[in-house]
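Q: The sequence and its predicted three-dimensional model are supplied below.
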Amino acid sequence: MNKRSLAAVSACALGALALTACGSGGGSTASADKDVTLKLVAADYGDKASNSSASYWKDVADRFTAANPKIKVDVQVINWNDIDSQVKTMIQSGNVPDVLQTGGYADKVADNLLYRADEVLSEPTRTNLIDSFAKAGEVDGKPYGIPFVASARAFFYNKALFAQAGITEAPKSWDDVKAAAEKIKAAVPGVTPYALPLGSEEAQGESLIWELGNAGGLTDPKGAYTLNSQANIDAFTWLKTNLVAPGLTYANPATTDRKTAFADFAAGKAAMLNGHPSLIQMSKDGKVDYGVAPIPGKAGALKSTLGVADWMMAFKGPGHKEQVRAFLDFAYAKENTLKFDELYNLMPVTEDTLKDMTGSGKHPDLEPFFALLPNAAFYPLGDTAWDAVSAEIKKSGGTAVNDPAKVLGELQKKAEAAVSDK
Amino acid sequence: MSTTSTTSGPAGKGSPLRKDGSLRKDGPVRKDRGGLARLGPLPWIGPAVLLIALVVLWPVYEMVRTSFLRISSSGFVRGSAGFDKYKQLFAEPSLPSVVLSTVVWTVVVVGATMLVSLALAQLFNQRFPGRRLTRWALIAPWAASVVMTAIGFKWMLNQTAGVLNTLMTDLGLIDSPRDWLGDPATAWPWMMFVAVFVSLPFTTYTLLAGLQTVPGEVYEAARVDGAGPWQTYFRITLPLLRPAFLVGVVINLINVFNSFPIIWSMTHGGPDSDTATTTVFMYQLKNSDIGESAAMSVVNFALVVVMVVVFLKASRWNQEEN
């Protein structure tokens, strides 16, 4: 008897512990006077310890807390490879952050986890967002995703290697790419002529660029997935027979990550690739004389490019709406966004920062990208199934260079299943 | 530790103890105890039971429960899924090849580990100058974190900067550096090599311990009877090594089957799932569907249990005692 009651007491004690543990996470909706700690989870844009985003966010958080002593910000920066799965674990265990900055937002909208953007942004901050991006943050007409940074892709080539191979101008069509790659392979052995990163890091990006080059893409105009359209299959078949088989790119593109391709280009070991603006600084650091051109398409240089936006979102779970609004208004002030964009050579998504960057004349490197941005094609970001589809493409999309029809067909099946499941 | 004491632990409890007269006395005494008195041992075994319940039973329960849930791609629980996740899992196009790879992986790695370890244990059982030092050195792959070892090999195999690539090119074994881990056909052998490498120390020490329990008289008797070295090995050493050998095989089976860090650090199971075992595949599924991933875990769990039971039955684990 004694033992049993003892057991009951200890069970209660354990339960009470668990309850208070949950309580501290969820219950502090109360007054804005109370001390609150916001949890911020953000992706790491740095490529080494010295330029990690952690130091940027710590600085923002410190200055914010100095201005708002009652709100502390707990910063957790996670690298791109792990952030998706870690956020998922947080959601599943009910331990969501207050503010999350990462690559996609729509799947969280499907489960009603997020505040609407107009709930956590003041009017001036919201109108300051560039329209096209604010629009891309809408799900069924309601704003949820808050654009954070943008980027566009362009074609990078190594001028020194081109000169060595006797190539005078940047390739415009796929055939030009192939011809240039053949010359480079012959003239400069040991260099990867075209770096094709279809590894899990960003297979969805590189593959979409090549699909766009053949007038293909991820969805039809109505928004239904068309991953295995004939145009897409043809694009991969071209890659397979013209770049992969003759050894004009990596031996195993499906396991080569973008990080590797960028590092190779910045080290002068790759002659051509599709890069985004962060490659500019890397190339300069590596003393690579690079050129930037529009992305080659099958018939000629593309008018559009792949535009990418990363997103900020606020979770309802912890219930810190007022504090989150204060923090986001602070984080979206021009001095902060400008600092971040300049640190990583990213495109701004706010009007005042864009004006500053285009007008200051300090960013001649970025000008080709500013010009491309209005014509950018985006991923189907507002589709709540996109994150699931994107995860599948990351996993197996790269193997489409081995067997285009089969791999894309299986992906299409998975995409349709994801759509019917959302 | 003597040979018999190693095996009598898991196996021999039943018959010999009951035959023991002194223990039989316990019977009537226990009958006299009623109710509360029976809980007497609880304070002693309680912590262990609690620990097992907390770190073994509860996670197993959670794993099984998750496999019957619909969980959205953002990680939000949407309700029960019935057996849907299992159906979805068995419809995965890559599952058959993953299961096959798992079998090959387990058999090859455990087999090679046992063979090499037998030889190594024999070597370290001899007296030679520097034996103590080499025995210590053998611990190194074991003492180092598996992830560290795997990442080390990944870098050494790197196409542009890897030291192994450079070495093999300089030795003329290959024409130009190769992307060993990018192609499943070459990635598998390398990962198996690393898996054997990290399994050797434990297995060798287990076998070495077994070798040291073989009494010298037996060898002497064999020599007197005129047995040659091979005959001695197969007729005397191996049979007497059996308990240690079985322990090594079972523990390696479980370890290698569940081996995650080596494959994950070296290839992430990619391209697609071409270098994934079921454990790695489970982790890959986590990215798209946690419920399906849990279903894979349950299947994995069942496979390990079945595999070990079948192996123990086949090897007649407690034959020695009867």
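A: Right, received. Where do you want to start?

Q: Which residues are in contact with A:Val149?
A: A:45, A:309-310, A:340-341, A:344, A:346-349 (Cβ atoms under 8 Å, 6 or more residues apart in numbering or on different chains). Yep, even glycine has a C-beta here, placed from its N, CA and C like the rest.

Q: Am I right that A:Lys72 is in contact with A:Thr65?
A: Yes - with contacts counted by Cβ atoms under 8 Å, A:Lys72 reaches A:Thr65, the gap being 5.5 Å.

Q: Which residue would be the closest one in the stretch 151-300 of chain B to chain A?
A: Taking Cβ to the nearest Cβ, chain A has its nearest neighbour within the stretch 151-300 of chain B at B:Gly182, 2.9 Å off.

Q: thinking that residue is in contact with A:Asp257, fair?
A: No - proximity of B:Gly182 to A:Asp257 does not meet the contact threshold set by Cβ under 8 Å, at 10.7 Å.

Q: What count of nearby residues applies to the closest residue to A:Leu273 other than its chain neighbours?
A: Nearest residue to A:Leu273, sequence neighbours excluded (Cβ to Cβ, 6 or more residues apart in numbering or on different chains): A:Ala195, at 4.0 Å. A total of 26 residues lie near A:Ala195 under the criterion other Cβ atoms under 10 Å in any protein chain shown.

Q: Give me the more crowded residue out of B:Gly182 and A:Asp257.
A: Between B:Gly182 and A:Asp257, counting by other Cβ under 10 Å, B:Gly182 is the more crowded of the two (22 against 19).

Q: If I look at the residue nearest to that one when sequence neighbours are not counted, what pLDDT would I see?
A: Distances taken as Cβ to Cβ, 6+ apart place A:Asn252 nearest to B:Gly182, at 2.9 Å, with adjacent residues excluded. At A:Asn252, the model reports a pLDDT of 91.

Q: Would you mind measuring from A:Asn252 to A:Ser207?
A: 15 Å (Cβ to Cβ, to the nearest Å).

Q: Would you quantify the distance from the residue positioned nearest the centre of chain A to B:Leu173?
A: Centroid-nearest residue in chain A: A:Gly103, 4.3 Å away (criterion: Cα atoms, centre = their mean). Separation of A:Gly103 from B:Leu173 (Cβ to Cβ): 42 Å.

Q: Contact partners for the closest residue to chain B within chain A?
A: Chain B sits closest to A:Asn252 of chain A, with a gap of 2.9 Å, by Cβ to the nearest Cβ. For A:Asn252, the contact set (Cβ under 8 Å, 6+ apart) comprises B:179, B:182-183, B:271.

Q: Repeat the analysis, applying 6 Å as the threshold.
A: B:179, B:182-183 (Cβ atoms under 6 Å, 6 or more residues apart in numbering or on different chains).

Q: just the helices in the stretch 1-150 of chain B please.
A: B:3-8, B:14-19, B:21-24, B:26-32, B:42-52, B:58-66, B:84-90, B:95-125, B:131-143, B:146-156 (DSSP state H, counting those that start in this stretch).

Q: Rebuild those as TSV, extending it with mean pLDDT, mean neighbour count and distance to chain A.
A: Supplementary listing: these in TSV, determined by pLDDT from 0 to 100; neighbours: other Cβ atoms under 10 Å in any protein chain shown; distance: least, Cβ to the nearest Cβ, whole Å:
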stretch	mean pLDDT	mean neighbour count	distance to chain A
helix B:3-8	38	16	33
helix B:14-19	41	11	29
helix B:21-24	43	9	27
helix B:26-32	48	8	19
helix B:42-52	89	10	7
helix B:58-66	93	13	9
helix B:84-90	93	18	8
helix B:95-125	95	18	12
helix B:131-143	89	13	26
helix B:146-156	94	17	12
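
Q: right, and the ones you listed - which one's nearest A:Leu248?
A: Closest to A:Leu248 of these, according to Cβ to Cβ: helix B:146-156, at 25.4 Å.

Q: got the CA coordinates for the closest one in PDB?
A: Taking Å, rounded to 0.1, in the frame of the first residue of the first chain, the C-alpha atoms of helix B:146-156 are listed here in PDB:
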ATOM      1  CA  VAL B 146      32.500   6.500 -36.000                       C
ATOM      2  CA  VAL B 147      31.300   9.700 -37.600                       C
ATOM      3  CA  MET B 148      34.800  11.100 -37.400                       C
ATOM      4  CA  THR B 149      36.300   8.000 -39.000                       C
ATOM      5  CA  ALA B 150      33.700   8.100 -41.800                       C
ATOM      6  CA  ILE B 151      34.200  11.800 -42.500                       C
ATOM      7  CA  GLY B 152      37.900  11.200 -42.500                       C
ATOM      8  CA  PHE B 153      37.600   8.600 -45.200                       C
ATOM      9  CA  LYS B 154      35.200  10.800 -47.100                       C
ATOM     10  CA  TRP B 155      37.800  13.500 -47.300                       C
ATOM     11  CA  MET B 156      40.500  11.100 -48.100                       C
END
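
Q: quick one: low-confidence parts of the stretch 201-322 of chain B?
A: B:317-322 (pLDDT under 70).

Q: For it, which residues are neighbours of chain A?
A: The stretch 201-322 of chain B has residues B:270-272, B:287-288 near chain A, with proximity defined as Cβ under 6 Å from any Cβ of the partner chain.
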